[in-house]
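> build the 3D model from these lines:
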Amino acid sequence: MLFDYIIENYKDGEPIFLCELPGESKDYIRQEMKKLVDTGRLERLYNGVYYLSYMTVLGTKGKISMDKYIEKKYLTVEGKVAGYITGLQLINHYGLSTQNPSCYEICSNEATTKQRKQVIDGNTIVVYKPVTVVTKKNRSALQFLDLMTMIDKYSEISGTELISKLEKYVSEVKLDFQTVKEYLPLYPDKVYRNIYEGGLMRELV
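Have a look, this model is predicted:
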């Protein structure tokens, strides 16, 4: 039974994509999913994407996990690296700004246009087309170069504090500067200056 499979393989809040469910007939699966939604066992985010109905500890109706949705839809697709988080969320994650991002910003191979904005379950997601195809090998380098493109606009720190935070970031993601050098020409000239001011120029020499 389809619902048994879902219960065994998905957790509360985890997105269930129609295309990943087993079965030869997608029409049959779609009909079964509709029945599960109608009986309240599943919630539909939009056509083709569902999640289990559940209650939170506060007794409110549970929602889909946007982080898990974004991970599966844009960042790791069918087991392959396909994108990365960018924008203010990236800056914020590494302690370079205290500003809270108002939306999710993602670079992904799944992008069909240069920039696309959409609202999913009340959350704004902006998906950008990357400068090149994102792979497991280059993801960290491209994300770092994105960071260095935005750092002068968003960073609230500078000097030795900034250098210290960037060195920690570089160490944490085990950044390969040979890969960074390979993709540097695809980014604006100001990235060189930002890398220099961030105390990381020696890594590129």
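
> the longest helix seen in the chain: how far from the chain's middle?
Longest helix in the chain by number of residues (criterion: DSSP state H): helix 139-154. Its chain's average C-alpha position is 15 Å from that of helix 139-154, according to CA atoms, centre = their mean, to the nearest Å.

> for stretch 98-115, same thing?
Chain-centre distance of stretch 98-115: 8 Å, with CA atoms, centre = their mean.

> quick one: contacts of the longest helix of the chain?
Outside helix 139-154, the residues within contact range by CB atoms under 8 Å, 6 or more residues apart in numbering are 81, 83-88, 90-91, 94, 96-97, 99, 107, 130-132, 134, 162, 169-170, 173-176, 179-180, 182-184, 186-188, 190-191, 194-195, 198. Yep, even glycine has a C-beta here, placed from its N, CA and C like the rest.

> the chain: strands as residue ranges?
The residue ranges that make up the strands of the chain, judged by DSSP state E, are 16-17, 42-46, 49-52, 76-77, 80-81, 83-85, 104-108, 115-120, 123-128.

> how about the last one: buried residues?
Read it as strand 123-128. Of the residues in strand 123-128, those scored as buried under the neighbour-count criterion (16 or more other CB atoms under 10 Å) are 125-128.

> just the second one next, same as before
By neighbour count, with 16+ other CB under 10 Å as the criterion, the buried positions of strand 42-46 are 42-43, 45.

> ok, so of the residues you listed, who is nearest V57?
Sorting the buried residues of strand 42-46 by distance to V57 puts E43 at the head of the list, at 18.0 Å, by CB to CB.

> list the beta-bridge partners for the closest one.
Applying DSSP bridges to E43 gives these bridge partners: Y51.

> is it true that N100 touches H93?
No: look at N100 against H93 with CB atoms under 8 Å: they stay out of range, at 11.6 Å.

> ok so, going back, give the rounded mean pLDDT of the longest helix of the chain.
The predicted model gives helix 139-154 an average pLDDT of 95.

> got the CA positions of that helix in CSV?
Output for helix 139-154, consisting of C-alpha atoms alone and laid out as CSV, is shown next (Å, rounded to 0.1, in the frame of the first residue of the first chain):
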residue,chain,number,x,y,z
ARG,A,139,30.1,24.0,-5.2
SER,A,140,32.2,25.4,-2.3
ALA,A,141,34.3,27.5,-4.7
LEU,A,142,31.2,29.0,-6.4
GLN,A,143,29.6,29.7,-3.1
PHE,A,144,32.7,31.4,-1.8
LEU,A,145,32.9,33.5,-4.9
ASP,A,146,29.3,34.5,-4.5
LEU,A,147,30.1,35.4,-0.9
MET,A,148,33.0,37.6,-2.0
THR,A,149,30.8,39.3,-4.5
MET,A,150,28.3,40.4,-1.9
ILE,A,151,30.6,40.9,1.1
ASP,A,152,31.1,44.7,0.7
LYS,A,153,27.3,45.2,0.4
TYR,A,154,26.1,43.1,3.4
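
> nothing else from me, thank you.
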